[in-house]
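Participant: Structure for the following, please:
(chains A, B and C)
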Amino acid sequence: MATTAQPRIEEDTWIPTCCGQCYCMCGIKVRRQNGVITEIAGNPDAPSGRGSICVKGLASPHLLYDPYRVNYPMKRTNPEKGLGVDPKWERISWDEALETIVERLEECRARDPRGAYFQATTTQASEIRFGVIGFMKGFKTPNYWVSGGGLHCGNGAHFMNGIMHVSWSIIPDFAHCNYALNFGCSKGHGAGHVAVQNATQAADARFRGGKTVTFDPFLSAQAAKAHEWVPIKVGTDGAMALGMVNSLLNEHGIYDAEYLMYKTNGPYLIRPSDGRYQRDKETDKPLVWDLVDNCPKVHSDPSVTRVQYEDQAHEVALTGTYTVDGVACRPSFELLKEHVKKYTPEYVEEVTGVPAATVSRISKEFGEAAEIGSTVTIETSEGPKKIPSRPVATHFFRGTQGHVNSGWTCLSVDMVNHMVGAADTWGGAFGLGAAVGSGYEKTGKPYQIPYACPDGLLVAKTWVYDHVPYPMRVPKAPTRLDLHDMFPTSIYNAFTITNPRWFEMLDRFKIDYKPDVMINFGSNSVMTMGNAEQVTENFLKKFNFIFSFQLFVTEFEEAVADIVLPDTCFLERYTPAVSFPSTFSHPQGEDDWGWSIRQPVVEPLYERRDFNEVMLDISKRLGILGDYYKGLNDSIGIRYGGEMDEKYKLVEDGSVEHSWEDVCDRMLKDRFGEEHGLEHVRQKGVFTWPKKKEDVYWKWFNAARVPIYFEYFIDSGEQISKLWDEFGGQDFFDIDWSRFKALADWYPCPSHCETNPDYDMFAFYWRAVMHCNSMTQQNPYLDECGQEDPYVYAVQIHKDTATEKGIADGDNVWLENPEGHRVKGWVALTDGIEPHHLAVAAVAGHWGNYMPVAKGKGTFFNDLVEMDLPHTDPLTFNQDICCRVKIYKRNGQDEQ
Amino acid sequence: MPRYGMCIDLKRCYGCYACVMACKVKNHTPPGVFWSRVLKGERGTFPSTTRQALPVLCMQCDEPSCLEVCPTGATVKLDNGIVIVEKDKCMGCKYCMMACPYGARYTVEKWESYFPEGLPLSPYEEFAKKAWEEKSGVGVATKCDFCRDRLENGGQPACVEACSANARTFGDLDDPDSEISILIKKYRGEVLNPEIGNKPKVYYLAPR
Amino acid sequence: MDPKVNGQLQEDWNWLVAIYLFLGGVGAGAYTIAAINSFIGEGAELSTAVGLWIGFPALLIGSLCLVADLGSPTRAVLAGMKPKTSWIARGFWIISAFMILAFGHLVLYLTDGPAQGVVAVAGIVFAVGTMAYTGILLGASKGIPFWRSGVVPVVFVVSALVTGHFTIMLGVALFTDGVAMMSSLRTMALEAAVLVVLEVLAILFFLQEAFKLPDPRESAERILRKPSFIVGYFLLGLAAPFGLMLVLYRSMEQAGAGSIMAVASIGAVLGLAGGLILRQAVLVCGALPTLNMGGFEFRRIARPKEPKAGIGLLPPQ
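Facilitator: Just a heads-up that it's a prediction; the model follows:
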C-alpha cells in the first residue's frame, strides 16, 4: 500500500542550561520532546545544583507556556495612568514599538540623557549585568535600581558582607560547622541562596549531628529544623548579637586573640580625641603595639603580621593604654569590649524577649563550640598547611537586616563570628557566594583574590557594582535622581524618590533634570517596594514614558507602562555568565568552580524577543553601540574578575556589530581560552575547574584584615553631613548622621516605638519556598503547591492571641498599620509564633487582571511598608519591613 | 528480583516540596493529584513548638489493602514489589481509595487544565494530557509506581533525584548490603501507622 | 485540631454510592420481610406481595447507581473478577444471585408457580447477605477508620430491615385499601416501632464504639455536628416515624382510612429518607487515618480555599 505519511520527527533530548525562577540560578537539564519542553531535572555537571533542583525550577514548563505570557508588543492607548486604570492595550508591531521607544529616548537624550531610568528585577540578575549596564554606559545615565531588592534585602547585608567577607552574604561552612546560629534566615532551608547546594550541605550537617539554633519570631523552616528555636522580637537581632559579643568578651572571656591580632583591626591604636587611628607619621599607616618589642609598629610590619597561620609574629596589644607621640591610645578591640558592656543579658532580654539566661547560655555554647586554638591541616596547592578550625557560625539575611538598624545589625551579627575567629576558615562563616578564587589555571580568570588597602583592610577584587564596598566612595554632589552619589553606604534608596516633594528636592540639590523615560526589565515595582499607591503616585507617574520588558502584564504594566515588550523567559535565551559574579549563584565549599551559562531550550515562541538582543537593537538605532560595548568591556573587568583581552574585547568604536551570541562567545573565550567558547560550554551548560583549598578557607592565606572598629565611617559621616548641610538637605530630611560611627549599636524600629495600644501586633513577612519575588505566584503548579502548605497564603497568628481577639481559624481579617494602610488576609492559628507577632508570606495578594492564577491569593504585605525616612536606615538606607498593626475581622461590606 | 523500597530521612527533610513538583513534572499529574505529597505537622505549645514535614507517596505495601479490595484485578503487585494499576482493567469503583490508609490513590473524573477553563491548551499541557491519558487515564485509579519507567532505564524515582536534602534513599530491601537496608537497620527505620498491618515498603527515619 | 482544618475527608463516595447502599438495603430488607411473611401466609398476603415487588427493582436501580458512579462504567462487568479478596466482587455475586432469586420469586409468585418455598429460603439467605454486604463493604475499608468498626454491618442490616419494612408499609398504604390494609398497617406500625428502637440502639452502639479511638471519634463528632444527620436522620428519620407509628398503632380504631394512610405514608417516607441520609452521612464523614511519625500527627489540610483562578484578561494576541 502506498503511503504519503511523512517520517515522524522523534526528538527526545535533554539540554543543559540554568534555571531562572530565582536569583540563585541552579544548573538544570530540560527535556525537549518533538520541540516541546516536557520535563526538568537538575544538572549533575553543574556545581550549583549537582543534579537536584528546587520546586520552582521544576515547575518552569508552565512559565514558558503560560497562556497569559505577553507574546506581542503592545501599547497603552489610555493616557490615564494609575492603580485600577484600564490601560486599553493594543497590539503593535515590533517596528512600531521600537520606533516609538527610540523616538522617546532621543527626545529624552535631547533634554538630558540622565532622565532615562533603568529599573530591573533581581530574579534575572545575570541578564541585568549586560543589557542594563551596557545601555546605561552607552546612553550615559546613572539612574538605575532593582526595585525591592536592595531596599528590602541588600543595602545592609551586601554592603556589610562585602566589607567583612568580600561577599554578597554569609553562610556557615555546613560541611564542618558544629554550631550554626541562624538569625532568622533560611539559608540552607529553602532560601534562594545557592538553594540546592546549601540545602544538601545543611541536611548533611543535621545528619552528621551539627547543632543549629534559630532566632526567629515564628517557627520557620529553619527554626523547625533547628535543635532549638528561640523566639525573638522582630527587628531586634542586632541587640541579641551585641549581647552575645558582650557575653563572649565580658562574661565568659571567650575570644580568639590570634585572629583578632592578625586578621582584624582590633589591635589598631585609637586616639581618644576623635576616635581615629593613631597613624605612623612617616607612612601614615595605622599603628599597633608590639608587645615583644614594646613599641608601636605599623600594622603591616612583618614582625607583627601573620598572613598564614604558621607564620611567626610578635604578639600585639588588644587591651591596655599605650602612648604614641605623646597621645595615650587604646587598641580598638578594647574600645569594642567596653562599648558592648551595655548589652547585658538583662538589657537584651528587655529588647528581644529572649531570656537573659538564654543569651548567656547560647553565647557560652557558641564560644565553646568554636574550639579556639584548634587547627586542621588542609592540602593546598603549595602542600599541606595548618589552619584554624572554628566550627561555629552565625548567619542572617533579609528578615534580620530589613530594619532601620540594618547596617549595624548586619555587622553585629557577623561580629560574633569575628570574635571567635570563625570567618572564612574551616567550619566557620563563609562568604556566600564563593567570592575568592584565583581563576581557571590556563587564563587566570576570573581572578578574584581580595587584597589589603594601605590601612590593611580587606578590599574586594571583584564586585557586582562599579564600586567596591570598601574603600567607601567619597560623598559627592548628587547627579542621580535618588541622590545616590551622596550616600556612600547604599546601593539605592527609596525614601527620596517616593517622597511627594521629590522634584522640589531635586531643585534644592541642584539636579537640573527630571525623570523622563523609564526602562523596566522584569520588575513589578508597584508590588515589590512598599505601599503601592505611594510608589505609583509619587514615583512612577512622574515619568513621561515607560516601556517594559516583561513576561506578564503585571500590576506595574497595568498601572504605568506605555509600551510592553514580550521578553523571553530563561528557557528561551542565552546568558554568558550565570554563576559569576557569585552572588547567590555559586556554592561555597570544596566542590569545583563552575561557570554556568543559559542557552535557549526552545526558540523564542510567538514574537518574544530576548531582552539583551533588543537592548543591542535599541542601542544600535540610537547610535550608541560603541559606548554600549565599552560599558560591557569595563563591566566585565570589575564584575567577572579581569579585563577582557584585546582579542576578545567588544569593538568600542562601533565599527563592528556584535550579536548577543557573539558577546557571549567572546566573553567565554576570554575567560577560558579560544577552545572554550559558547559552542563548547553549551554542551554541558557549565565550564568547571577545580577549586583550590586555599580559595575555600582563604582567611589565613590572605594578608588583609577586617574591621571590628569602623573608623572610616566617622570620616564618611562627617563628609556626608557637611555636604548635606551645604544643600540644606535637612529641610527635606532630618537624617541622623550619628549612625556613621565606629562601633556597632542596636537601634529600635518605628514598630518598637509605637505608643498607640491599638496597634498591638508586630507584623513581618517571610518567603515561602515555592515562591520567589512576585512572579511565581502566577505559576499554577507553584500556586497549587502553596495551597498544600498550611501557612503560605495565611496570616499566622498565635492561637491564644487569636482567641483573645475573638478570631477563629480561617477568619478573614484586616491588618492595618498606624499610617492607616490596611491589607486583607485570612488567619491560620498556630502555636508556632511568638504571641505578639503576625507572619505573612511575601509577595502575595496580586490584584492584576492579567495574572489570574496569582490574583487574590495571600496578603499584599508590602502595602504596609512605608517608604519614608522614619522607616529607613540612616546608615544604609535600607527600608524597614516590619510594622505595628492592629488585626481585626473583615466582613462582607468592607471587602475592598 | 529486588524488592524495591524507599527510606525517607525526616531529619534531612525540610519540607521544600521539590519531590511533589518533581513527581508532577515527571508524571504530568493533573490538578489535585499528588502521587508524591508533603504533609506538615506541628506539635507542642509555645515556645516548645516544632514543625515537621512528612513526604508521603504510595507505600508499595507488601500486603496492600488496595490490592485486596480491587474487584477487577486491575491492581497488581509486581515481582519487584511495586504495586501498579493496570488501567485497562480498572472500572473506577474507587474502593481502593477507601482501602488505602495512606491516601496514595487518586482518580480524576475528567482531565483538567491547570489554567482557567476556556483557554486553548499550551503545548506542555497538550503533552501532559496525552501522557496522562496514555499512562494513567481518567475514571481509573492512579498512583505512584516508583517511576517504574525510570528504573527500567537505570534511573531513580523523580522524587529521589530532585531531593536537595538527600533525604530519600531508594533501593533493594532484600539486599542487606544496600544503602537503604543499612540505613533502615542502623537508624531504626519505621513505617507509617504499622498497626494497620499493610507492611509498607517506605520507611522513615525519625525527625530528631 | 479544629475540624475545619481537616482535609482528610473522603470525597469520592457520596450520594450515588449512598443510594446504592440504601436501595440494596431497602430491596433486600423488603424482600426478607416479604419472604418470611410468605411462610406465615394468613394475614401477611399484602406485605408479601408488596415486598416481592420491591426487591428486584430496588437492587436493579441501586446497582445502576453504582455503575453510574464508576469512573469507567463500561468495565462494570469486570466487577466480579476477584471474589476471593474483594468485597465489591463478592457483593457483585451476592447481589446478582439475590436479584435472580428475587426476580424468580416474583415471577413464581405472580404465576403461582412451584417451589416458591425453596426459592424464598435461598432468597432470604442472599437478601441477608446483601444487607450485610452493604455494611461489610464499608467495614472492610482499611483507609477509613470510621467505617472499620464491625458495628457498621449491624447498623446497616437493621436499617435495611427498617427501610425495607417502611417500603412495604408505603406500598400497602398507597396501593391497597379496605380492612386488610387497616389491619396490616396496625401490625406493621408496631413492628416498625420495634425495628426503629433496634436501629437507635445500633446507631448509639456504633457511635459509642467510634468514640473510643481518635480518628473514628473525629468522624463521629463530625457526624453529630451534621444537621442532616441530627435533624434529617435522627429526628425526622427515626424519632418522627417512631412517634407516627405509635400514633398509628394506638389510634387505628378511631381514625378514618384517609388519615391512616396519610400517617403511615408520611412515617414510612420519613423513615426511608432517614435511611438514605444515614448512609450518605456515614460515607461523607469517613476520613483517612491520621498518620503518626516521630511524635507528630500528619493530616492533609483543607483550608478555606483560595479563589479558583478566573479567566482574567489575556494580553492582546
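Participant: Can you check which helix is longest in chain B?
Facilitator: As assigned by DSSP state H, the longest helix anywhere in chain B is helix B:123-135.
Participant: Output the contacting helices and strands for the helix or strand just after that one.
Facilitator: Later in the chain than helix B:123-135, the nearest helix or strand by DSSP states H and E is strand B:141-142. The contact analysis (3 or more CB pairs under 8 Å, 6 or more residues apart in numbering or on different chains; DSSP states H and E) places strand B:141-142 against strand B:106-107. C-beta: built from backbone N, CA, C; applies to glycine.
Participant: partner strands of the strand it packs on, parallel or antiparallel?
Facilitator: strand B:141-142 (antiparallel) (DSSP bridges).
Participant: Can you check the pLDDT for the residue of chain B most remote from its centre?
Facilitator: Most distant residue from the mean C-alpha position of chain B: B:P47, 33.9 Å away (CA atoms, centre = their mean). Per-residue pLDDT puts B:P47 at 94.
Participant: nearest residue to it other than its sequence neighbours?
Facilitator: Using CB to CB, 6 or more residues apart in numbering or on different chains and skipping residues adjacent in sequence, the residue nearest B:P47 is A:P231, 5.1 Å away.
Participant: for chain C, what are the nearby residues on chain A?
Facilitator: Counting by CB under 8 Å from any CB of the partner chain, the residues of chain A close to chain C are A:67-72, A:74, A:89-91, A:553, A:564, A:780, A:783, A:787-790, A:793-794, A:808-810, A:826, A:828-829, A:849-853, A:855-858.
Participant: now, which of those lie within strands?
Facilitator: Taking DSSP state E as the definition of strands, those contribute A:74, A:89-91, A:564, A:826, A:828-829.
Participant: In PyMOL, how would I select just the buried ones from those?
Facilitator: The PyMOL command for the buried members of those (criterion: 16 or more other CB atoms under 10 Å in any protein chain shown) is given here:
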select buried, chain A and resi 74+89+564+826+828+829
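Participant: Which one of the ones in strands among the residues of chain A next to chain C is nearest to chain C?
Facilitator: A:R91 (4.0 Å; CB to the nearest CB).
Participant: just the ones in strands among the residues of chain A next to chain C that are near chain B?
Facilitator: Of these, not one also sits near chain B (CB under 8 Å from any CB).
Participant: Secondary structure element holding the residue farthest from the centre of chain B?
Facilitator: Going by DSSP H and E, B:P47 is not in any helix or strand.
Participant: ok, now A:E661?
Facilitator: Assigned by DSSP H and E, A:E661 falls in helix A:660-672.
Participant: Which other helices and strands does that helix contact?
Facilitator: When contacts are defined as 3+ CB pairs under 8 Å, 6+ apart, helix A:660-672 packs onto strand A:593-596, helix A:611-622, helix A:625-639, helix A:678-684, strand A:686-689.
Participant: returning to that earlier point: go through the longest helix of chain B and flag the buried ones.
Facilitator: For helix B:123-135, a neighbour-count test (16+ other CB under 10 Å) marks B:123-125, B:127-129, B:131-132 as buried.
Participant: now stretch B:49-66
Facilitator: Buried residues in stretch B:49-66, counted by 16+ other CB under 10 Å: B:49-61, B:64-66.
Participant: what do you get for stretch A:596-605?
Facilitator: If you call a residue buried by 16+ other CB under 10 Å, then stretch A:596-605 has these buried ones: A:596-599, A:601-602, A:604-605.
Participant: do the same with stretch B:77-84
Facilitator: B:77, B:81-84.
Participant: so, in contact with chain A or not, the longest helix of chain B?
Facilitator: Yes - interface with chain A: helix B:123-135 contributes B:123-128, B:131 (CB under 8 Å from any CB).
Participant: Does chain C have contacts with that helix?
Facilitator: No - shown here: helix B:123-135 not in contact with chain C (CB under 8 Å from any CB), separated by at least 12.7 Å.
Participant: circling back to that earlier point, so which two of the buried residues of helix B:123-135 are the farthest from each other?
Facilitator: B:P123 and B:W132 (14.9 Å; CB to CB).
Participant: Let me see the confidence value for whichever residue of chain B sits closest to chain C.
Facilitator: Nearest residue of chain B to chain C (CB to the nearest CB) works out as B:G92 at 2.1 Å. B:G92 is assigned a pLDDT of 95 by the prediction.
Participant: wait, doesn't it sit right on C:T74?
Facilitator: No - in this structure, B:G92 is not within contact of C:T74 by CB atoms under 8 Å, at 10.0 Å.
Participant: So between the two, which is more surrounded?
Facilitator: Using other CB atoms under 10 Å in any protein chain shown, the more surrounded residue of B:G92 and C:T74 is B:G92, with 25 against 11.
Participant: what about the closest residue to the more buried one other than its chain neighbours, how many neighbours?
Facilitator: The shortest distance from B:G92 to any non-neighbouring residue, by CB to CB, 6+ apart, is to C:G71 (2.1 Å). For C:G71, the count of nearby residues is 20 (other CB under 10 Å).
Participant: My read is that C:G71 contacts B:K87, right?
Facilitator: No - in this structure, C:G71 is not within contact of B:K87 by CB under 8 Å, at 10.2 Å.
Participant: Next one: A:A110 relative to B:V85, how far apart?
Facilitator: 70 Å (CB to CB, to the nearest Å).
Participant: avg pLDDT for stretch A:352-369?
Facilitator: Averaging pLDDT along stretch A:352-369 gives 98.
Participant: Who are the contact partners of the residue nearest to A:N538 when sequence neighbours are not counted?
Facilitator: Distances taken as CB to CB, 6+ apart put A:T498 closest to A:N538, at 4.8 Å, once the chain neighbours are dropped. Applying CB atoms under 8 Å, 6 or more residues apart in numbering or on different chains to A:T498 gives the contacts A:529-530, A:534-535, A:538-539, A:867-868.
Participant: repeat that for 7 Å
Facilitator: By CB atoms under 7 Å, 6 or more residues apart in numbering or on different chains, A:T498 lies in contact with A:534-535, A:538-539, A:867.
Participant: ok so, going back, looking at the helices and strands packed on helix A:660-672, which is buried most?
Facilitator: strand A:593-596 (a mean of 28; mean count of other CB atoms under 10 Å in any protein chain shown).
Participant: I'd like the distance from it to the chain centre, please.
Facilitator: Chain-centre distance of strand A:593-596: 20 Å, with CA atoms, centre = their mean, to the nearest Å.
Participant: same deal with stretch A:22-34?
Facilitator: With CA atoms, centre = their mean as the basis, the mean position of stretch A:22-34 lies at 23 Å from the chain mean.
Participant: Show residues contacting stretch A:808-818.
Facilitator: With contact meaning CB under 7 Å, 6+ apart, stretch A:808-818 is reached by A:754, A:756, A:759, A:763, A:795, A:807, A:822-829, A:838, A:864, A:883-890, C:2, C:4-5, C:303-304.
Participant: Now restrict the residues you listed to buried residues only.
Facilitator: A:754, A:759, A:763, A:795, A:807, A:822-829, A:838, A:864, A:883-888, A:890, C:5, C:303.
Participant: Select from these every entry located in strands.
Facilitator: Among the buried ones among the contacts of stretch A:808-818, DSSP E puts A:763, A:795, A:822-829, A:838, A:883-888 in strands.
Participant: Tell me where the chain is predicted with low confidence.
Facilitator: Chain wasn't specified; assuming chain A. A:1-9, A:892-896 (pLDDT under 70).
Participant: if you could check chain C rather than the one you did, that'd help
Facilitator: C:1-5, C:41-43, C:303-305.
Participant: still on that earlier bit, what does the longest helix of chain B contact?
Facilitator: Contacts for helix B:123-135 (CB under 7 Å, 6+ apart): A:36-38, A:61-62, A:65, B:28, B:30, B:111, B:113-114, B:121.
Participant: Then stretch A:623-631?
Facilitator: Counting by CB under 7 Å, 6+ apart, A:133-139, A:619, A:650-654, A:657-658 sit against stretch A:623-631.
Participant: Likewise for stretch A:540-547?
Facilitator: Contacts of stretch A:540-547 (CB under 7 Å, 6+ apart): A:81-82, A:101, A:104, A:117, A:502, A:515-520, A:559-563, A:565.
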